[in-house]
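*Asks:* The following block contains a protein sequence and its predicted model.
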Amino acid sequence: MIKSARVTMLASAAAATLFLAACDKTPKAPEGQVVATVDGQEITIHELNGELATIPNRGGDAPRKLVESVALARVIERKMLAAEAEKLKLDKSPQFLLAKERTEEGLLVQALQADIQRKVPKATREAAQKFVSENPQVFGDRKIFTLDQIQFLRPANIDQLGLKDAKTMADVERILTDANVEYRRAPQQIDSLTVNPALTNEIIRITASSNGEPFMFADQPAGAPAPVIYVNNVTATKSQPFTGEKAISYAQNVLQRQNTQKSLADALKAYQTDYKAKIVYGKGYGPPVFPKAPARPAGAPAATPAAATAPASAPAG
């Protein structure tokens, strides 16, 4: 009996040990920079802040804690679903691996561009003042044009439509209607502050000599399947000078963007030159050969329209 009792006591002690060990595996509340865990995978405050940065306006008037909890819930949900996908080995599929490689390459390109941008010297006040004085049509002689505008995708037979003979906007509409070309007519505004100065000069030149006849220019917005033709008639012109410290500050921003774009373009050209001898194409493949650019429509200025050159934020006045 004593022996049996001893065995029972040992078994009870072993069970108690196992119970305590199980209790020790209970997830502990995250501490420090860890704000949550998902099946043991940590989510740090840095990851949460990164998610918060993707929420537009941070929820407006919503309490910060609520916005924070929503962002954290998104991170948790993403990690949870990603873990389930890994259990199904979906991360091993060829489609996923290609998409992952493309995404990683895109992020590396963004990081390289950001590194180049950081090294661009800040545009000086002196350079900005010179830019203002050299571009009076943008600043001191700034003009806002109100247009009656017709927009349509450039058809392949545009030279045969007879648009060069149109004397009025009604003529343009009739020609497009007869040719079954879809178009949109609506009033628009072009601010000389936000477009290529060449376009402003062209509009001024054309309106001074066209006797009110419509004029055209072309552009190919991002995502458009073909160039867009803009047929315009200026219905009003308003002078609104933009001067002083605001103009200088604005000019500095414009120059900074221009300098950054040039640095990025120069870097790309240098990389292309360096890698040219390292690229080998398979049979039937090669670098792109673009078709010859079509002739501009009659009366179309060479400068790009407002939609293509408007800065991220233009001052109201």
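*Replies:* Okay, I see it.

*Asks:* give me every residue that touches Thr237.
*Replies:* Lys143, Ile144, Phe145, Thr146, Thr207 (Cβ atoms under 8 Å, 6 or more residues apart in numbering). C-beta coordinates here come from the backbone N, C-alpha and C atoms, glycine included.

*Asks:* Likewise for Asp91?
*Replies:* Contacts of Asp91 (Cβ under 8 Å, 6+ apart): Ala85, Leu97, Lys100.

*Asks:* which SS class is the spatially closest residue to the first one that is not a sequence neighbour?
*Replies:* With sequence-adjacent residues excluded and distances taken as Cβ to Cβ, 6 or more residues apart in numbering, Ala85 is closest to Asp91, at 6.4 Å. The three-state label for Asp91, taken from DSSP: H, G, I helix; E, B strand; the rest coil, comes out as helix.

*Asks:* quick one on the thing from earlier: type out the PyMOL command that picks the buried ones from the contacts of Thr237.
*Replies:* Remark: buried members of those, expressed as a PyMOL selection using 16 or more other Cβ atoms under 10 Å:
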select buried, resi 143+144+145+207
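
*Asks:* sorry, back to before: and the residue nearest to Ala85, what pLDDT?
*Replies:* Reading off the confidence values, Asp91 has pLDDT 95.

*Asks:* what do you get for Ser209?
*Replies:* Predicted confidence (pLDDT) for Ser209: 79.

*Asks:* mind checking the SS state of Ile204?
*Replies:* Secondary structure, three-state DSSP: Ile204 is helix.

*Asks:* so who does it touch?
*Replies:* Ile204 neighbours (Cβ under 8 Å, 6+ apart): Gln137, Lys143.

*Asks:* how close does it sit to Leu90?
*Replies:* 60 Å (Cβ to Cβ, to the nearest Å).

*Asks:* cool, and Lys167?
*Replies:* Lys167 is 63 Å from Leu90, by Cβ to Cβ.

*Asks:* longest helix of the protein?
*Replies:* helix 244-275 (DSSP state H).

*Asks:* buried ones in that helix?
*Replies:* Buried residues in helix 244-275 (16+ other Cβ under 10 Å): Ala247, Ile248, Tyr250, Ala251, Gln252, Val254, Leu255, Gln256, Asn259, Thr260, Ser263.

*Asks:* How about stretch 50-68?
*Replies:* Glu51, Leu52, Val67, Glu68.

*Asks:* I'm done for today, thanks for sticking with me.
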